[in-house]
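> next come a sequence and a model predicted from it.
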Amino acid sequence: MKVTQHIENAQGKSLFSFEILPPLKGQNIQSIFDSIDPLMEFNPPFIDVTYHREEYEFKELPNGLLQKKIVKKRPGTVGICAGIQNKYQVDAIPHILCGGFTKEDTENLLIDLDFLDIDNVVALRGDALKNETYFKPEKEGNQNATELVSQIHNLNQGIYLDEDLQNSSCTNFCIGVAGYPEKHMEAPSLDSDIHFLKQKIKNGADYIITQMFFDNKKFFDFVAKCRKAGITVPIIPGLKPIATKKQLNLIPHRFSLELPDDLIMEVVKAKDNEAVKQIGIEWCTEQSKELVAAGIPVLHYYSMGKAENIKAIAKQVF
């Protein structure tokens, strides 16, 4: 079922969903199921699965020269989605990236997903490689998420890259895209960011999931700006409980967002990371309760494969 249908069927009740990442290469899918099992009592209608593109490593050879090697540390997104749908009978939503994919690669991936009865995808540009300052698209790939949305939407209309195909079938993907309440780190302003977000919707996106935030006012202001700009699709907030002192510096740097002073001071005063974890649970719980009270259709949690703190929050909210 499409995300938009799940929201419609809920008739105003706030739904619970979460996101997982594939395990490191060498681990099996049971580690994924172990992180999902504790959260199934809250009846998530869908679970997102991230996609991780290739990385470059340099291996020193016996002669002292360096050999460039392409590695993919977290493969398995499509297989995990199939496993989730088979085991739990809930919708699994793979992330689709521009980075590392030609348009032909993307089309073939989407065909595989369609054959697996996967009804939803999240279209993302993806990050730059670690050795790149800025994102560089594949030579024959989509340049950005707006182009990627257009390709997926075209496939929904039965328009394939090969124009000579006869009687081609249409896919029926519900397309999610990312939104940034504090703007994307590369955007010159929030208003310009929303301008391009609106273009994604115009090109066929059906809903928005936001980057994490720790101040609900930033989310509510973002939604208001989107509505004023004419964006009417559902906007789903992304939430993450802070769990370690290190994240005080890591999260703002990695995601280009601000942490509220009250939260910062509580974390600074905490005696250890176990205390920080409890602070994060309490903060995110209050965020969640306020969002539910405001009638937000879905609350989406970034679990990163760790269910304990998400479960503690969900028990108090759903």
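Done, it's in. Numbers count the residues shown, from 1 in each chain.

> hey, let's count contacts and neighbours off CA atoms from now on
OK.

> where does pLDDT dip in the chain?
When the per-residue scores of the chain are filtered using pLDDT under 70, the ranges that remain are 56.

> quick one: furthest residue from the center of it?
Relative to the centre of the chain, and counting by CA atoms, centre = their mean, the farthest-placed residue is residue 63 at 42.9 Å.

> any idea how far residue 173 lies from residue 114?
Computed with CA to CA, to the nearest Å, the distance linking residue 173 and residue 114 is 8 Å.

> who has more neighbours, these two?
Between residue 173 and residue 114, counting by other CA atoms under 10 Å, residue 173 is the more crowded of the two (24 against 16).

> my read: that one touches residue 117, true?
No - with contact defined as CA atoms under 8 Å, residue 173 does not reach residue 117; the gap is 9.7 Å.

> surely the residue farthest from the centre of the chain is in a strand?
No - assigned with DSSP: H, G, I helix; E, B strand; the rest coil, residue 63 falls outside any strand and is coil.

> host element of residue 253?
helix 247-255 (DSSP states H and E).

> show the subsequent helix or strand relative to that helix.
With elements assigned by DSSP H and E, the helix or strand that comes after helix 247-255 is helix 261-269.

> that following helix packs against which elements?
Applying 3 or more CA pairs under 8 Å, 6 or more residues apart in numbering; DSSP states H and E, one finds that helix 261-269 makes contact with helix 273-293.

> tilt between the helix it packs on and helix 261-269?
Helix 273-293 and helix 261-269 are oriented at 160 degrees to each other (axes from the mean of the first three to the mean of the last three CA atoms, to 10 degrees).

> strands along the stretch 1-150 of the chain, start to end?
In the stretch 1-150 of the chain, strands defined by DSSP state E, counting those that start in this stretch lie at 15-20, 46-49, 55-60, 66-71, 91-97, 120-124, listed in chain order.

> quick one on the thing from earlier: what comes up buried for the helix holding residue 253?
248, 255 (16 or more other CA atoms under 10 Å).

> likewise for stretch 68-87?
By neighbour count with 16+ other CA under 10 Å, stretch 68-87 contains the buried residues 74-78, 80-85.

> and that stretch, end to end?
Between the opening and closing residues of stretch 68-87 lies a distance of 39 Å (CA to CA).

> ok, stretch 166-182 next?
The distance separating the two terminal residues of stretch 166-182, taken as CA to CA, comes to 45 Å.

> what does that stretch rub up against?
The contact list for stretch 166-182, computed with CA atoms under 8 Å, 6 or more residues apart in numbering, reads 2-4, 114, 118-124, 145, 149, 152-153, 155-160, 190, 193, 197, 200, 204-211, 213, 218-219, 221-222, 256-257.

> out of those, which sit inside helices?
Secondary structure assignment (DSSP state H) places 3-4, 114, 145, 149, 152-153, 155-156, 190, 193, 197, 200, 218-219, 221-222 from the contacts of stretch 166-182 within helices.

> of those residues, keep whichever come out buried.
Of the members of those, the ones counted as buried by neighbours, 16+ other CA under 10 Å, are 3-4, 114, 145, 149, 152-153, 155-156, 190, 193, 197, 200, 219, 222.

> among the residues you listed, which two are most distant?
Using CA to CA, the pair of these lying farthest apart is 114 and 190, separated by 34.5 Å.

> so which strand or helix has residue 236?
Element membership for residue 236 (DSSP H and E) is strand 235-239.

> now do the buried residues in stretch 183-199.
With burial defined by 16+ other CA under 10 Å, the residues of stretch 183-199 counted as buried are 183-184, 190, 193-194, 197-199.

> understood, closing this out.
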